[in-house]
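Participant: A predicted structure for the sequence below; I have some questions about it.
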Amino acid sequence: MRVHVTDLKPGDLLKNDVYNSSGLHMLMKGSLLSEDDISKLLQHGIDYADVEHTTSDLHSDTQTMPSDQTRLLATLFDDTIKGTESLFQQAMEKGFIDEAQVDEILINLTTQLEKQKDVVSLLLMLDGDNDYTYNHSLQVGMLAFYIAGWMGYNPEECLTVAKAGYLHDIGKSKISPEMLHKPGKLTSEEFEEMKKHTLYGYEIVKESTQDEILATVALQHHEREDGSGYPHGLKGNDIHPYARITAVADVYSAMTTNRVYQTKQELISVLCELYSLSFGQLNGEATQELIKHMLPNFIGKRVLLTSGETGIIVMNNPADYFRPLVQTSTAFIDLAKERDIAIVEIYIQ
């Protein structure tokens, strides 16, 4: 079937060789198209390609998770959030937590995460009305787990990073609920008290696990590469590698989640903000790995645009990775060119 290039998706099978207008051979018959291949076709002004399978046929089973899998993950996330609430209650009342309970939660969680590649869909599933602190702990543990894997850490190390990320905010159990849920801006005195959650977290994790690394991540996850963070204003390599990963996961989750004083931001635009932060505040490698592996997950997702139209993301734009090509019912909208249009929201399929 002859298909317009903007309708191609990674995984489509070429029926014929593809040549550009100068006769240069671009792609070989039988090739499974990658995102880079499609970008190359667009860059060379090629309008159509013959594919063996239509995009809808080939991707109908991959754009959405099977319903039974979705139910399993939803139950897992609900159970994890309930377990997280229990841990925060322990920390508030006793000053320590049950490490065996933490390990059980993390093993159940990461066992399922290892099977999932579409991190965007997982984040969209977590976009609910659960208490921010508990939901955020789950998200940061999950994202830290994935980032560590993408950076080449071995499975045991990835589990440790996930555990560190999951426990990074446990010190907030010692912050008053009124301050945690205050809808307005904190006063300078309140902010100084809020910053102590890193110190409280270090004490709780160290007391509970006797693990200096896990405790250090709780202490350092607000440190920044340029020394602008807290509590000690550390820079670069003075910050533990696991804390640098957790910081990236922490910022991304915080910016994409509803809070009492902040409305969530759209997932792709936050990746763009993280990209800017990676040139000073956040670790560049961890941020780049998150961006590189998240972007392909947006292809095939349904979106709402500021124009009021809904559409499907069909390709990450090689000219601007954070402003993709969107197919609506009537047109293709290149957000890299249509700068007055933006994505408002991304929907789980």
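Facilitator: Great, that's in hand. Residues are numbered from 1 along each chain as shown.

Participant: can you tell me which helix or strand of the protein has the lowest average pLDDT?
Facilitator: helix 55-59 (a mean of 40; mean pLDDT, DSSP states H and E).

Participant: next SSE after that helix?
Facilitator: helix 67-94 (DSSP states H and E).

Participant: give me the buried positions along that next one.
Facilitator: By 16 or more other Cβ atoms under 10 Å, the buried positions in helix 67-94 come out as 73, 76-77, 80-81, 83-84, 87-88, 90-91. Bear in mind the C-beta positions are built from the backbone N, C-alpha and C, glycine included.

Participant: so which residues of the stretch 1-150 of the chain form strands?
Facilitator: Taking DSSP state E, counting those that start in this stretch, the strands of the stretch 1-150 of the chain run over residues 2-4, 18-19, 25-27, 48-50.

Participant: could you export the ones you listed as CSV, including mean neighbour count, distance to residue 114 and mean pLDDT?
Facilitator: Below are those laid out as CSV (neighbours: other Cβ atoms under 10 Å; distance: least, Cβ to Cβ, whole Å; pLDDT from 0 to 100):
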stretch, mean neighbour count, distance to residue 114, mean pLDDT
strand 2-4, 12, 34, 78
strand 18-19, 18, 36, 83
strand 25-27, 15, 33, 79
strand 48-50, 17, 35, 83
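
Participant: any weak-confidence spans in the stretch 201-349 of the chain?
Facilitator: Under the criterion pLDDT under 70, the flagged ranges of the stretch 201-349 of the chain are 259-262, 349.

Participant: ranges for the helices of it?
Facilitator: Per DSSP state H, counting those that start in this stretch, the stretch 201-349 of the chain carries helices over the ranges 212-220, 241-255, 267-277, 284-294.

Participant: and those, which is most packed in?
Facilitator: helix 241-255 (a mean of 25; mean count of other Cβ atoms under 10 Å).

Participant: who are the packing partners of that helix?
Facilitator: Judged by 3 or more Cβ pairs under 8 Å, 6 or more residues apart in numbering; DSSP states H and E, the packing partners of helix 241-255 are helix 132-150, helix 155-166, helix 212-220, helix 267-277, helix 284-294.

Participant: would you turn the ones you listed into a markdown table with distance to residue 303?
Facilitator: Putting the helices and strands packed on helix 241-255 into a markdown table (distance: least, Cβ to Cβ, whole Å) gives the following:
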| stretch | distance to residue 303 |
| --- | --- |
| helix 132-150 | 21 |
| helix 155-166 | 28 |
| helix 212-220 | 34 |
| helix 267-277 | 9 |
| helix 284-294 | 15 |
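
Participant: out of the ones you listed, which is closest to residue 199?
Facilitator: Taking Cβ to Cβ, helix 212-220 is the member of those nearest to residue 199, at 6.9 Å.

Participant: what's the mean pLDDT across the helix or strand where residue 190 lies?
Facilitator: Per DSSP H and E: residue 190 is located in helix 188-195. Across helix 188-195, the average pLDDT comes to 96.

Participant: chain center to it: distance?
Facilitator: 28 Å (Cα atoms, centre = their mean, to the nearest Å).

Participant: mind giving me the packing neighbours of that helix?
Facilitator: Counting contacts by 3+ Cβ pairs under 8 Å, 6+ apart, helix 188-195 packs against helix 177-180.

Participant: what is the burial count for the spatially closest residue to residue 307 that is not a sequence neighbour?
Facilitator: Closest residue to residue 307 apart from its sequence neighbours, by Cβ to Cβ, 6 or more residues apart in numbering: residue 341 at 5.2 Å. Per other Cβ atoms under 10 Å, the neighbour tally for residue 341 reads 17.

Participant: just checking, residue 341 touches residue 305?
Facilitator: Yes. Assessed by Cβ atoms under 8 Å, residue 341 is found in contact with residue 305 at 5.5 Å.

Participant: what sits in contact with each of those two?
Facilitator: residue 333 (Cβ atoms under 8 Å, 6 or more residues apart in numbering).

Participant: contacting residues for the nearest residue to residue 168 once chain neighbours are set aside?
Facilitator: Excluding the flanking residues, the one nearest residue 168 by Cβ to Cβ, 6+ apart is residue 221, at 4.7 Å. Listed by Cβ under 8 Å, 6+ apart, the contact set of residue 221 reads 168, 198, 243, 246-247, 250.

Participant: residue 46 too?
Facilitator: 5, 18, 20, 26.

Participant: what's the neighbour count on the residue nearest to residue 312 when sequence neighbours are not counted?
Facilitator: Distances taken as Cβ to Cβ, 6+ apart put residue 327 closest to residue 312, at 5.1 Å, once the chain neighbours are dropped. Other residues within reach of residue 327, judged by other Cβ under 10 Å, total 15.

Participant: residue contacts, residue 327?
Facilitator: 6-7, 311-312, 314, 333.

Participant: repeat that with 6 Å
Facilitator: Counting by Cβ atoms under 6 Å, 6 or more residues apart in numbering, residue 327 touches 311-312, 314.

Participant: measure it to residue 185 for me?
Facilitator: For residue 327, the distance to residue 185 (Cβ to Cβ, to the nearest Å) stands at 41 Å.

Participant: likewise residue 167?
Facilitator: On the measure of Cβ to Cβ, residue 167 and residue 185 end up 27 Å apart.

Participant: do the same with residue 10
Facilitator: Here residue 10 is placed at a distance of 44 Å from residue 185 (Cβ to Cβ).
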